[in-house]
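Novice: Need the 3D shape of this:
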Amino acid sequence: MGPQTKERRRRGNRNGGIKETNNGNHHNKSTQNERANDVMPNLSYKAHSTLLVQFTEETPTWYDCGRNTPGRDETIASVNQQQKQSGNANKNTRQIVSKYRALGDEIYGHEVALARKNGAASSDKDEKWVESTMKRGTLKDRIAAMSVVVGMDSVHKLYALDMLLDLAGCGVDTRHGELGSIPNARVGQMASEALSDLFANTLLPKHRKLLSLEARPLYLYEGKRTLSPRVLLLWRYEEMIKQRYASFLTRYLGRTLSGEDEPSKKNAIVTASFLLKDIPEGEEIILPMIVNKIGDPGRKIASAAGHQLRLILEEHPAMTSIVAREVQQLAHRPHLSPKALYNCVIFLNQLQLSRDEADDVDAATDGKKREAPKSLPASLISTYFHLFEMTVKKNASGKKKDSKQSATDGAGRLLSALLTGVNRAHPYLPKADATMEDHIDALYRIAHTAPPAAATQALMLLFQLAVGSGDTGAVPQNDESVTARKDRFYRALYSKVADGDMFSGRQLTLFFNLLYKALKYDTKSERICAVLKRLIHSALHLPSSIVCGVLFLLSEIIKCRPEVNNEVEAAVSELIFDPSKREPSVAFPGKVQLEKNLWELSLLAHHFHPSVSKFTADSSGKISFKGDPLKDFSLTPFLDKFAFRNPKSLDKQAKQSKGGIAARKSGLSAMAALPMNDPSYLTATDIADEEQFFHQFFVERAKRDEIKGIVRGSGEQDKDESDLEDE
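Specialist: Residues are numbered from 1 along each chain as shown. Okay, here's the model as predicted:
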């Protein structure tokens, strides 16, 4: 007994150690449940005479202090791991934690009093001035002085941090449990900026989260082991910082983000993002706060929240799955507004996906029949289709109640965004989830019933599922299921070609790109001929730009699939096209030579637009055009040529209308962009076919003006009777 007593006194009481007193009895070795019911033994503590926490160059922060002290970084998880115990067994009782927390407060109070005593004996004028400024200066000076005091000694001058928290309205009176009053927006914002800087750069470690006393192995010190007062002081101080930081997050940031002042909410979002990027503490509180603001009614706030989340993912790509899960949970909330749901889908569409995760999932499922962990692309696709089903049901139930065009447009926009997300996530699916058989019927339902933009997105995804990239060696061609899947896709595409709505809207370029890829990789020449026949027939009464696009597509298909124009032996009666057939493979009764069965080309050869006539003459694979006929031959470039005063330049057009996915560059030359009355245009020799008439007209008019002495371009009076005389 004697040696043990000396050893305990040597280890624990040299600097005011902590030990138990049991009136001379031995330590009770009963079980944990029995110990919890007994009266807890008292702890004796000898007050220390020197500071337990002192900052040096080697230990500039409180979490660097006491690194060499035994038990400094012990946690219940680390102890259980060393003892090879399963789970995270916590043997701390409420009485044990309360006892050591009270003792830690006692040690901390003595430490602060000792530091104040030493500071009073050796204080200089600067420290006194800073202390005076904290109480009597202007608001800006007071906040700056408080920040300086906390930065100089964060352990012994915690009261300065409490003063900042009071200014932000998130301070707590530990004696009475009273909450701080709510400040005005300006005071709260200034205090929050100082607090966020202190938390990020001084008070919180960047390599781990903070721990409370419940996570420390206090039960180990109920026996023979002695707990160092410095360790208990640092543990208790860490818990106090954790409580104050949680109060700042939940009470100031949470209250500000739930308010109605947009500038304050925007600043709070930036502050929360800054803290989440720099420190791991409180991320389970901050992340839902930012994600919830994606559904904010204010457009600027929702946009700022999405932008800050993307900045966080740029710096921490490993958080992509966590952020995506939070946004998915928000999107699945009941009674979520359509605007908030659309914002969630748009954010998920912009996530950076990787094939590495899909490869990891494939490796984890090799040789295992049990359920594999779901990859992020697979989770996103499941979310998209679940939201799609909810949207369809909501539209079906509310169709009779609300028939406004705005509701229809909103549903179509959401549907298009959902399918865009499916198209983006599908290439990153692991092999185990690549089939997507459960959603095929839903995609075909969208393709046949949805607006043109959503139908185009659905057909693009179905093309990837049915045809793929066109690599015929990768898929066995004699597989009946593969053949049936292709036939179903081409039937859907063939039916949409006859829909006039598909040739209008912003999805037109995507639809033509889909047609080109689908016809290029089709293995049946009869089906290619049928689709092209219906396409040209549908384009007869469409605008000139679309007709030129159709003829350009015909020429490109003939270039890559010349067999559609091969000579065949067949009776004329056998080559009649039947437009009533649903299956494009049987629309022509046999093999057909495409050019001889396109009587529509004879009509287009006499079209009023010169470019259509020119494209028709070269439609057998001879069209050489480097631009985008859907844009270059539309009405806008045509009208720009007659904007004599301030014609748009090509640079301005490029900035105002950026090409989307699969969009070709404009083929308009610098000469074609000039207005018709420009002198350089009048003297040009290389004139396009569609501009021959206008060039001849303006050249002739310039000659007549020169004879009559008319000078044009000087003002409104130029519009005189000379134009009528020329007629």
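
Novice: Which pLDDT does the model give the most centrally placed residue in the chain?
Specialist: Closest to where the C-alpha atoms of the chain average out (Cα atoms, centre = their mean) is Phe347, at 3.6 Å. Phe347 carries a pLDDT value of 96.

Novice: Going forward, count from 64.
Specialist: I'll keep to 64 as the first residue from here, and by that count the last item is Phe410.

Novice: who touches it in this structure?
Specialist: 357, 369, 372-373, 390 (Cβ atoms under 8 Å, 6 or more residues apart in numbering). The way it works is simple: take the backbone N, C-alpha and C, and place the C-beta from them, glycine included.

Novice: Which of the helices or strands spans it?
Specialist: Secondary structure assigned from DSSP states H and E places Phe410 in helix 401-412.

Novice: Can you give me the buried ones in that helix?
Specialist: The neighbour-count check on helix 401-412 (16 or more other Cβ atoms under 10 Å) flags 403-412 as buried.

Novice: before we move on, what about stretch 569-588?
Specialist: Buried, per 16+ other Cβ under 10 Å, within stretch 569-588: 570-582, 584-585, 588.

Novice: So which of those residues sit within strands?
Specialist: Applying DSSP state E to the buried residues of stretch 569-588, no entry is found in strands.

Novice: Quick check: Thr289 vs Ile159, distance?
Specialist: 15 Å (Cβ to Cβ, to the nearest Å).

Novice: any chance you could map the helices in the stretch 464-613 of the chain?
Specialist: 468-488, 503-512, 515-529, 543-560, 571-583, 588-601, 607-623 (DSSP state H, counting those that start in this stretch).

Novice: out of those, nearest to Lys644?
Specialist: Lys644 lies closest to helix 588-601 among those, at 8.0 Å (Cβ to Cβ).

Novice: now for the closest one, which elements pack on it?
Specialist: If contacts are counted by 3 or more Cβ pairs under 8 Å, 6 or more residues apart in numbering; DSSP states H and E, helix 588-601 sits against helix 543-560, helix 571-583, helix 607-623, helix 663-667.

Novice: Just give me the closest of the contacts of Phe410 to Arg508.
Specialist: Val390 (26.0 Å).

Novice: Ile348 contacts Leu312, doesn't it?
Specialist: Yes: applying Cβ atoms under 8 Å, one finds Ile348 in contact with Leu312, separated by 4.8 Å.

Novice: of these two, who's got more company?
Specialist: Counting neighbours by other Cβ atoms under 10 Å for Ile348 and for Leu312 shows that Leu312 has the greater number, 21 against 17.

Novice: quick one: pLDDT of that one?
Specialist: 94.

Novice: Can you name the residues that contact it?
Specialist: So Leu312 contacts 335, 338, 345, 348-349, 352 (Cβ under 8 Å, 6+ apart).

Novice: Let me have these in a markdown table, extended by secondary structure and distance to Ala547.
Specialist: Formatted as a markdown table, the contacts of Leu312 follow (DSSP: H, G, I helix; E, B strand; the rest coil; distance: Cβ to Cβ, whole Å):
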| residue | secondary structure | distance to Ala547 |
| --- | --- | --- |
| Ala335 | helix | 52 |
| Leu338 | helix | 55 |
| Gly345 | coil | 54 |
| Ile348 | helix | 52 |
| Ile349 | helix | 51 |
| Met352 | helix | 50 |
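
Novice: Most neighbours out of the residues you listed, which is it?
Specialist: Most surrounded of the contacts of Leu312: other Cβ under 10 Å gives Ala335, at 26 neighbours.

Novice: Now do the helices in the stretch 164-313 of the chain.
Specialist: 188-199, 202-215, 221-230, 248-261, 292-310.

Novice: Of all these, which one is nearest Phe678?
Specialist: helix 248-261 (62.8 Å).

Novice: Next, the buried residues of that closest one.
Specialist: Going by 16+ other Cβ under 10 Å, helix 248-261 has these buried residues: 251-259, 261.

Novice: Quick one: mean pLDDT for that helix?
Specialist: Rounded mean pLDDT across helix 248-261 is 92.

Novice: Please state the offset of it from the chain centre?
Specialist: How far helix 248-261 lies from its chain's middle: 28 Å, per Cα atoms, centre = their mean, to the nearest Å.

Novice: What of stretch 437-444?
Specialist: 15 Å.

Novice: Residues contacting stretch 126-138, please?
Specialist: Contacts for stretch 126-138 (Cβ under 8 Å, 6+ apart): 116-118, 121-122, 268, 274, 278-280, 283, 290-291, 293-294, 297, 301.

Novice: Now it - C-alpha only, CSV.
Specialist: C-alpha atoms of stretch 126-138 as CSV (Å, rounded to 0.1, in the frame of the first residue of the first chain):
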residue,chain,number,x,y,z
TYR,A,126,-4.7,22.3,-29.1
ASP,A,127,-0.9,22.1,-29.5
CYS,A,128,-0.4,22.4,-25.7
GLY,A,129,0.3,19.4,-23.6
ARG,A,130,1.3,17.1,-26.5
ASN,A,131,3.8,15.3,-24.4
THR,A,132,1.5,14.9,-21.4
PRO,A,133,0.3,11.3,-21.0
GLY,A,134,-3.4,10.8,-22.0
ARG,A,135,-3.6,14.2,-23.8
ASP,A,136,-5.2,12.8,-27.0
GLU,A,137,-7.0,9.8,-25.5
THR,A,138,-10.6,9.2,-26.6
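
Novice: And Leu316, how far from Ile385?
Specialist: Taking Cβ to Cβ, one finds Leu316 at 19 Å from Ile385.

Novice: Which one's more surrounded, the two?
Specialist: Taking neighbours as other Cβ under 10 Å, Leu316 and Ile385 compare with Leu316 leading, 25 against 14.

Novice: I'd say the more buried one and Asn330 touch.
Specialist: No: counting by Cβ under 8 Å, Asn330 is not a contact partner of Leu316; they are 10.0 Å apart.

Novice: who touches both of the two?
Specialist: Joint contacts of Leu316 and Asn330 (Cβ under 8 Å, 6+ apart) are Ser255.

Novice: ok, which stretches of the stretch 314-463 of the chain are helices?
Specialist: Counting by DSSP H, counting those that start in this stretch, the helices of the stretch 314-463 of the chain are 317-320, 325-341, 346-355, 362-378, 383-394, 401-412, 418-428, 439-460.
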